[in-house]
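Participant: Provide a 3D model corresponding to the input given below.
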Amino acid sequence: MQVTFLGTSSGVPTRGRNVSSVALRLPQRSELWLFDCGEGTQHQFLRCDLRLSQLRRVFITHMHGDHVFGLPGLLASLGLGGTSNGVDLYGPDPLDAYLHGVLRTSSTRIGYPLAIHRVREAAEQNTVVFEDDDLIVTAAPLNHRVPAYAYRAEQKPRAGRFDIDKARELQIPPGPVYAALKRGESVTLDDGRTIDGRTLCGPEQPGVSVVYCTDTVFCEAAVQLAQGADLLIHESTFSHAEADMAFKRQHSTSTMAAQTAAEAGVKQLALTHLSPRYAPGNPVTADDLVAEAKTIFPNTFLAKDFLNVDVNPS
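Facilitator: Take a look at the predicted model:
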């Protein structure tokens, strides 16, 4: 997986940071997934090498404008391009009414299949939001002023390394049968022998996992969702000194994000959704927030617009 940050500011855009959006590139299937779509997200696509035509799924955390105002325009542009085979949207209950209201009142026609899925029940009952042969997405409710959800995208475990030398020793003829054995399946050969592919494969290889968590004050549900994740992307709207404001506005401080990462045992933490008050030149900057987080969780880095992060198995 590869993560590209398209917007890392909270509330309003700044000269250096657009509002919230994170792209998840899945090269093995030529697909792009988007988490949140703040105003101007489609313009961010024009400034990087992501291909909007590959967009397949969009996951919205909540209905505040800095996370959703860019969605109608992006979907409309995708339709004008005529290259989409369909998009699935996932989000809070009001997403359906909001999107169809904007499209209807602006006389916008979407010329491709568009499906909207409510995630509230799956998040509250700890069930699956989306699943196919390779990937699974789950969600958890967050603590914010409106219903909000964190998402976890995870690759399913893969078969271990195929021992081709052992297969040759067993005089298994090469060909399509090798592919089945690599998947751990049992295969009956022409000579009548049945070979269990699991005996020819090494230990199962875990897939990678990415968790996207914004907007919320510290909550245990986020900790549980992020358990063992390779990358946790977590909002850090305020510095530790602004904890009172964070609680009032139901946002996280740098240390709350770090606490979530530490308790969940993740591999890396990316701080995003930073308040414009921490712009360069101000008394407290984004670098100070990273320093605060590192006192609790050392493997923390600062998300910046257009930063690409490769997420690999541990």
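Participant: would you map the helices across this protein?
Facilitator: Under the criterion DSSP state H, the chain carries helices at the ranges 41-46, 65-68, 71-81, 95-105, 120-125, 164-169, 176-182, 220-225, 243-249, 254-264, 286-294.
Participant: and those, which is most packed in?
Facilitator: Comparing the helices of the chain by mean neighbour count (mean count of other CB atoms under 10 Å), helix 254-264 ranks first with a mean of 25. Heads up, the C-betas are built off the backbone N, CA and C, glycines and all.
Participant: one step back: with mean pLDDT added, can I get the helices of the chain in CSV?
Facilitator: What follows is these, written out as CSV (pLDDT from 0 to 100):
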stretch, mean pLDDT
helix 41-46, 97
helix 65-68, 98
helix 71-81, 94
helix 95-105, 97
helix 120-125, 97
helix 164-169, 90
helix 176-182, 87
helix 220-225, 98
helix 243-249, 96
helix 254-264, 98
helix 286-294, 97
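Participant: those helices: which one's closest to Asp133?
Facilitator: Comparing the helices of the chain by their distance to Asp133 (CB to CB), the top pick is helix 176-182, with 14.4 Å.
Participant: Asp196 and Arg183 touch, don't they?
Facilitator: No: applying CB atoms under 8 Å, one finds Asp196 not in contact with Arg183, separated by 11.7 Å.
Participant: on that earlier part again, could you dump the helices of the chain to CSV with distance to Trp33?
Facilitator: Output for the helices of the chain, formatted as CSV (distance: least, CB to CB, whole Å):
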stretch, distance to Trp33
helix 41-46, 13
helix 65-68, 15
helix 71-81, 13
helix 95-105, 16
helix 120-125, 16
helix 164-169, 34
helix 176-182, 27
helix 220-225, 17
helix 243-249, 28
helix 254-264, 21
helix 286-294, 26
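Participant: so which of these is nearest Ser53?
Facilitator: helix 71-81 (6.2 Å).
Participant: show me what that closest one is packed against.
Facilitator: Secondary-structure packing of helix 71-81 (3 or more CB pairs under 8 Å, 6 or more residues apart in numbering; DSSP states H and E): helix 41-46, strand 55-59, strand 87-91, helix 95-105.
Participant: and of those, who's closest to Leu80?
Facilitator: Of the helices and strands packed on helix 71-81, nearest to Leu80 by CB to CB is helix 41-46, at 11.0 Å.
Participant: and the contacts of the closest one?
Facilitator: Applying CB atoms under 8 Å, 6 or more residues apart in numbering, the external contacts of helix 41-46 come out as 6-7, 18, 21, 34, 52, 70-71, 73-74, 77, 305-306.
Participant: please repeat the previous calculation with a cut-off of 6 Å.
Facilitator: Helix 41-46 is contacted from outside by 6, 18, 21, 52, 70, 73-74, 77, using CB atoms under 6 Å, 6 or more residues apart in numbering.
Participant: alpha carbons of that helix, as CSV, please.
Facilitator: Written as CSV, here are the backbone C-alpha positions of helix 41-46 (Å, rounded to 0.1, in the frame of the first residue of the first chain):
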residue,chain,number,x,y,z
THR,A,41,-9.3,17.8,-3.0
GLN,A,42,-9.7,17.4,-6.8
HIS,A,43,-7.3,20.3,-7.3
GLN,A,44,-4.8,18.4,-5.1
PHE,A,45,-5.0,15.5,-7.6
LEU,A,46,-3.8,17.9,-10.3
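Participant: would you map out the domains in the chain?
Facilitator: 2-158+205-310, 164-200 (automatic domain parsing).
Participant: tell me which of those is the most buried.
Facilitator: By mean count of other CB under 10 Å, the domains of the chain have domain 2-158+205-310 as the most buried, with a mean of 19.
Participant: between the helices and strands packed on helix 71-81, which one is closest to Met256.
Facilitator: Here strand 55-59 is closest among these (CB to CB), at 21.9 Å.
Participant: given the closest one, what are its sheet partners and their directions?
Facilitator: Applying DSSP bridges, strand 55-59 is found paired with strand 31-35 (parallel), strand 87-91 (parallel).
Participant: mind putting these in TSV, mean pLDDT and distance to Ser106 included?
Facilitator: What follows is these, written out as TSV (pLDDT from 0 to 100; distance: least, CB to CB, whole Å):
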stretch	mean pLDDT	distance to Ser106
strand 31-35	97	21
strand 87-91	98	17
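Participant: in JSON lines: those strands, plus distance to Arg25.
Facilitator: Formatted as JSON lines, those follow (distance: least, CB to CB, whole Å):
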{"stretch": "strand 31-35", "distance to Arg25": "6"}
{"stretch": "strand 87-91", "distance to Arg25": "16"}
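Participant: for the closest residue to Pro147 other than its chain neighbours, which residues are in contact?
Facilitator: Spatial nearest neighbour of Pro147, chain neighbours left out: Pro92 (4.9 Å); criterion: CB to CB, 6 or more residues apart in numbering. Shown in contact with Pro92 (CB under 6 Å, 6+ apart): 62-63, 147.
Participant: same for the lowest-mean-pLDDT helix or strand in the chain, what does it pack against?
Facilitator: Within the chain, no helix or strand scores below helix 176-182, which has a mean of 87 by mean pLDDT, DSSP states H and E. Where contact means 3 or more CB pairs under 6 Å, 6 or more residues apart in numbering; DSSP states H and E, helix 176-182 is packed against strand 186-188.
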